[in-house]
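*Asks:* Just need the structure, nothing else, for what follows:
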Amino acid sequence: MRLIYITLFLIAGVAFTSCKDDKEEVSTPTAPADTVEKIIEIKTDFGNLYMWLYKETPIHRNNFLGLADTGFFDMTTFHRCVPGFVIQGGDPNTKDNDSTNDGSGGPGYTLPAEINASLLKHTFGAVGAARTNNPQKASSGSQFYIVLPQAGTPSLDNNYTVFGKIIKGMDVALQIVAQPQNPSNNRPYTQIKMDVNVIQKTRAQLRSEFNFEAN
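*Replies:* Residues are numbered from 1 along each chain as shown. Here you go, the predicted model:
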């Protein structure tokens, strides 16, 4: 009889150990991968701006990344700086010394509108696509603007595509708009040139360096 009890005890012990091991294996969490994200760095004489490009506007995002990768924006200027409103740049015509055509250039194509005002609004630091007056609200292929007021510019919602956000460097944007300018066209008297690059950051780096949570 004693032998039977010992045998049953051993069997129960093995079963208990097996169940415990199974439970521990199932409940062991798997750490999420810290993916690498692409962001935009805009270098100026006043400091750097860092831009997140929304994945919800893939046409504008991919276009901006492609232009930045090829150096298209390098040596272009912020040619229109309106206090309390926006700073605007990205026109290849601003690379020369002829200021009369600033604001009319681009890469030779437009982009279809990706307006989503219920999700992407003209808040402080929003990056939008400039455009000419056209029924389709198609965007310039390269010209963009950065919203300056703390309250945003809601009057632009539903009219222009918001495709990004400045996640660091809005103090730089405010310095740029404060530079002396021609009041007739809001063009700074001194060319404010930019050097635009695509850089990579992990999600952890975005949190620690920019206090920004990537989606």
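*Asks:* which phi and psi does the residue nearest the centre of the chain have?
*Replies:* For the chain, the residue nearest the mean C-alpha position is residue 52 (1.4 Å; CA atoms, centre = their mean). Per-residue torsions, residue 52: phi -90, psi 130 (degrees, to the nearest 10).
*Asks:* what does residue 154 give?
*Replies:* With angles defined as degrees, to the nearest 10, residue 154 sits at phi -60, psi -20.
*Asks:* residue contacts, the closest residue to it other than its chain neighbours?
*Replies:* With sequence-adjacent residues excluded and distances taken as CB to CB, 6 or more residues apart in numbering, residue 154 is closest to residue 122, at 6.1 Å. In this view, the C-beta of every residue, glycine as well, is placed from N, C-alpha and C. For residue 122, the contacting residues are 128, 147, 152-157, 160, 162, by CB atoms under 8 Å, 6 or more residues apart in numbering.
*Asks:* Counting neighbours, which of those residues end up buried?
*Replies:* 128, 147, 152-153, 156-157, 160, 162 (16 or more other CB atoms under 10 Å).
*Asks:* now for those, which pair is the farthest apart?
*Replies:* Spatial extent of those (CB to CB) is set by the pair 152 and 160 at 12.6 Å.
*Asks:* Quick check: can you list the domain ranges of this structure?
*Replies:* Structural domains annotated on the chain: 1-30, 36-210, as defined by automatic domain parsing.
*Asks:* Just give the number of residues close to residue 171.
*Replies:* Residue 171 has 11 neighbours, counted by other CB atoms under 10 Å.
*Asks:* what's the spacing between the helix or strand harbouring it and its chain's center?
*Replies:* According to DSSP states H and E, residue 171 maps onto helix 170-177. Chain-centre distance of helix 170-177: 17 Å, with CA atoms, centre = their mean, to the nearest Å.
*Asks:* so after it, what's the next helix or strand?
*Replies:* With DSSP H and E, the next secondary element past helix 170-177 is strand 181-182.
*Asks:* now the very next helix or strand once past that next one: mean pLDDT?
*Replies:* Once strand 181-182 ends, the next helix or strand along the chain (criterion: DSSP H and E) is strand 187-188. Per-residue pLDDT over strand 187-188 has a mean of 96.
*Asks:* helices or strands next to strand 187-188 in the packing?
*Replies:* strand 78-82, strand 181-182 (3 or more CB pairs under 8 Å, 6 or more residues apart in numbering; DSSP states H and E).
*Asks:* Quick one, which of these gets closest to residue 198.
*Replies:* strand 78-82 (19.4 Å).
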